[in-house]
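Q: fold the following.
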Amino acid sequence: MVFSQYQKLTATGLWRPTPEDQRQDVVATIGEATLILTDKRGQTVAHWSIAALARANPGEFPAIFHPDGDPGETLELTISQSEMATALDRMRTHIARRRPHPGRLRLVILIAVLGAVIAGGVFWLPDAMRRHAISVVPKAKRVEIGEALQAEIARVSGPACDQPEGQAALNKLAARVAPDEPSLKVEVVRQGVTGALLLPGRTMLLNRAVVEDFEEPDVAAGYIVAELYRAASGDPLAALLNRAGLASSFRLLTTGDLPQGTIRKYAEHLLTGDQPRPPSEQLIPRFEAAQVRSTPYAYAIDLTGETVLDLIEADPFAANAPPPLLRDADWIRLQNICGA
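A: Numbers count the residues shown, from 1 in each chain. Below is the predicted model of the structure:
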C-alpha cells in the first residue's frame, strides 16, 4: 500500500549492485509499492519491493537502503534527498504494522499460558498439595504432630492429669462412648482447652471442669461425642495445614516435618479461637448411636437452655435412660483425676 502523497516521488542517489561494484548515479522513483531505480539513460537497473526494503542506518545520513536479506546491494540518499528517505521509512513502517506478527501472537499465548499456570498455582496448587499431604501422612506422623501440638498446648494448660485410677475410669468412658475408636486417647487438662479438643493422632483433651463441675458423666460423654463428630467433618490435620499455608504443606511432603513455629501458632489458635459447635440436628443421631443423653451436654453449654433447646427437646433418651456410662465408683475416680 502506498501513501498517495508519495506517488511518483523521485530522488537522486548512488546505487551499488554488489560491494565489489562501483557506485553509480541513479534516479529512485516510488511506484505502486515498489522503488524503481533507473540510470542516466532511463533504463531500469533495479526494482525493489518497499515491503522488503530495509535501512542499514536508521536516522543517519547518507541514508542507506537495501533489499531485506541482501545488504550488499545498496542505495545511498544524501541529506538533500531526505524527503525520499522519510517517505521510504514511513511506508516501510506502515507496511510492517499491517503484517501479521507471529512473534507477538506467540507472546500473547505465552502470557496466557503463564497466567493460567500462575492462576493454577494460586487457586489449585495449594489445595491440591494439602489434599495430597493429608492423604500420604502416615498414622505415626499424625501422632507425632499431635504430640507436638499437645506439648505446645501444655505450656498453657499444664500437663495432662495423670492420676492412674482416674485415667483408667476415663478410658472406660471413652470405650463406652466410642467403641469404634480404639485409637482414641482421651486426657484431662487443667486449663486452656474449652470443652474438648481433638488433635491429629486421635488424642482428645478435655477441660477438667467437664468432669469436676457436674454430677453425672453424661456431660463429659457429650463433649466427647460432639468433638468426635466435629472432627469427623474435617480432618484435624487438614485444619492445621489449611491455616498453616502452602509452605508448611510442602515442607511436610518433602521433609516429613512441620516447622516448630507453625505448630506453636496453631496451638495458640486452638486455645484462643472459637471451635464451631456442630448443628444440633446433626448431633442428635450421634448421641443416639453412642447411647448418650444430649440434655446434660446442652445445659453444660447453656445453663438457661435457650440456645440449645433443640438438643434438649430432641434428646433421644428423654423418656428412656440409656445404658450406664460408668459405675458410680469409676465416676468418682474420674472426678478426682487431677488430684487435689
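Q: now do the helices in the stretch 1-150 of the chain.
A: Remark: helices assigned in the stretch 1-150 of the chain by DSSP state H, counting those that start in this stretch are 82-98, 102-119, 125-136, 139-157.
Q: now do the last one, average pLDDT.
A: It refers to helix 139-157. The average of the pLDDT scores along helix 139-157 is 85.
Q: and the very next helix or strand once past that helix, what's buried?
A: Following helix 139-157 in sequence order, the next helix or strand is helix 164-177 (DSSP states H and E). Residues of helix 164-177 classed as buried: 166-167, 169-170, 172-174, 176-177 (neighbour count, 16 or more other Cβ atoms under 10 Å). Heads up, the C-betas are built off the backbone N, CA and C, glycines and all.
Q: comparing the helices of the stretch 1-150 of the chain, which yields the minimum mean pLDDT?
A: helix 102-119 (a mean of 55).
Q: hmm, who's touching the helix or strand containing residue 300?
A: Assigned by DSSP H and E, residue 300 belongs to helix 295-301. Contacts with helix 295-301, where a contact means Cβ atoms under 8 Å, 6 or more residues apart in numbering, come from 210, 214, 216, 218-219, 221-223, 225-226, 277, 287, 305, 307-308, 311-312, 315, 318.
Q: quick revisit: mind putting the buried residues of helix 164-177 into CSV with distance to residue 266 and pLDDT?
A: Output for those, formatted as CSV (distance: Cβ to Cβ, whole Å; pLDDT from 0 to 100):
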residue, distance to residue 266, pLDDT
166, 29, 95
167, 26, 96
169, 31, 96
170, 25, 97
172, 31, 96
173, 28, 97
174, 24, 96
176, 31, 96
177, 27, 96
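Q: can you give the domain ranges for this protein?
A: 4-98, 104-136, 138-335 (automatic domain parsing).
Q: just after the helix holding residue 300, pick out the following helix or strand.
A: Defined by DSSP H and E, the subsequent element after helix 295-301 is helix 309-313.
Q: and for that following helix, what's in contact with it?
A: By Cβ under 8 Å, 6+ apart, helix 309-313 touches 280-281, 283-284, 294-295, 297-299, 305.
Q: go on, stretch 323-334?
A: 163, 165-166, 168-170, 172-173, 176-177, 211, 216-218, 220-221, 291-292.
Q: list the buried ones in it?
A: 325-326, 330-331, 333-334.
Q: got the end-to-end distance for it?
A: Using Cα to Cα, to the nearest Å, the gap from the first to the last residue of stretch 323-334 comes to 18 Å.
Q: and that stretch, average pLDDT?
A: Taken as a whole, stretch 323-334 has a mean pLDDT of 95.
Q: output the lowest mean pLDDT helix or strand found in the protein.
A: Every helix and strand in the chain was compared by mean pLDDT, DSSP states H and E; the lowest is helix 102-119, with a mean of 55.
Q: list the contacts of the nearest residue to residue 89 once chain neighbours are set aside.
A: Setting aside the residues directly before and after it, residue 89 is nearest to residue 55 in space (Cβ to Cβ, 6 or more residues apart in numbering), at 6.7 Å. By Cβ under 8 Å, 6+ apart, the residues touching residue 55 are 63-65, 88-89, 92.
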